[in-house]
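Q: Return atomic coordinates for the entry below.
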Amino acid sequence: MDWIRSFSLRLAPSKGWAFLYALICMGGIFYLSSLPGEKLPGWRPSDLGSTLAHVVAYGVLGWCLILVFYRLQILGVRMWIGVMVLVLLYGISDEVHQSFVPTRMPSIGDVAADGIGGLIALLLWHRKGLEK
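A: A predicted model of the protein is given here:
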């Protein structure tokens with residue numbers, strides 16, 4: 001897993017790149033949220049795949065936000081709190097956005113899955129001792 005860290009840090013050699021990746025990830029999530037349910041590729045809203053998609057998408061967002069915090073030298077508990085607050089706020093705003101999209105409904109379960117994705121990213125970061 002050490003290759004993930006070195007690859008991530010090479011991809012985001014500066015604060016600007018880290019911010020850009022986070023914004024691209026947020027844009028991708030926003031785009032997928034704006035699609036009506038029947039236009040989503042391959043699953044129905046009740047499928048486990050939908051929950052897994054939330055965990056993965058917000059895990060990637062969490063990782064991008066970790067890179068932003070890392071490049072800003074905001075580490076430790078402040079990084080954990082900042083990443084989780086931003087992931088959950090974006091998840092909540094995503095659910096509000098979905099409430100305006102035909103055939104889509106907001107779900108507190110989706111926000112929970114979003115938080116789990118962000119938490120997994122933080123745990124992977126912490127497990128590798130990358131906070132230092």
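Q: so what's residue 115 up against?
A: 58, 84, 87, 88, 91 (C-beta atoms under 8 Å, 6 or more residues apart in numbering). (Glycine included, C-beta is placed from N, CA and C.)
Q: how close does the third one sit to residue 110?
A: Just to be clear, that refers to residue 87. 12 Å (C-beta to C-beta, to the nearest Å).
Q: Could you do the last one as well?
A: The spacing between residue 91 and residue 110, counted by C-beta to C-beta, is 7 Å.
Q: Now do the shared contacts for those two.
A: Common neighbours of residue 91 and residue 110 (C-beta under 8 Å, 6+ apart) are residue 54.
Q: so where's the longest helix in this protein?
A: Ranked by residue count and defined by DSSP state H, the top helix of the chain is helix 48-71.
Q: roughly how far is that helix from the heart of the chain?
A: Between the centre of helix 48-71 and the centre of its chain there are 3 Å (C-alpha atoms, centre = their mean, to the nearest Å).
Q: Quick one: neighbours of the closest residue to residue 109 other than its chain neighbours, just the number.
A: Using C-beta to C-beta, 6 or more residues apart in numbering and skipping the chain neighbours, the partner closest in space to residue 109 is residue 51 (7.0 Å). A count of neighbours around residue 51, defined by other C-beta atoms under 10 Å, yields 18.
Q: Enumerate every residue touching residue 111.
A: Residue 111 neighbours (C-beta under 8 Å, 6+ apart): 88, 91, 92, 95.
Q: The first one: what's it in contact with?
A: Counting by C-beta under 8 Å, 6+ apart, residue 88 touches 111, 114, 115, 118.
Q: is it true that the second one touches residue 58?
A: In this case it means residue 114. Yes - counting by C-beta atoms under 8 Å, residue 114 touches residue 58, with 4.0 Å between them.
Q: Mutual contacts of those two, please.
A: With C-beta under 8 Å, 6+ apart as the test, residue 114 and residue 58 both reach 87, 90, 91.
Q: Counting only helices, which of these make the cut?
A: 87, 90, 91.
Q: Tell me the one of the residues you listed nearest residue 102?
A: residue 91 (20.8 Å; C-beta to C-beta).
Q: Contact partners for the closest residue to residue 86 other than its chain neighbours?
A: In space, and not counting its chain neighbours, residue 86 is closest to residue 65: 5.6 Å by C-beta to C-beta, 6+ apart. Counting by C-beta under 8 Å, 6+ apart, residue 65 touches 22, 82, 83, 86, 87, 118.
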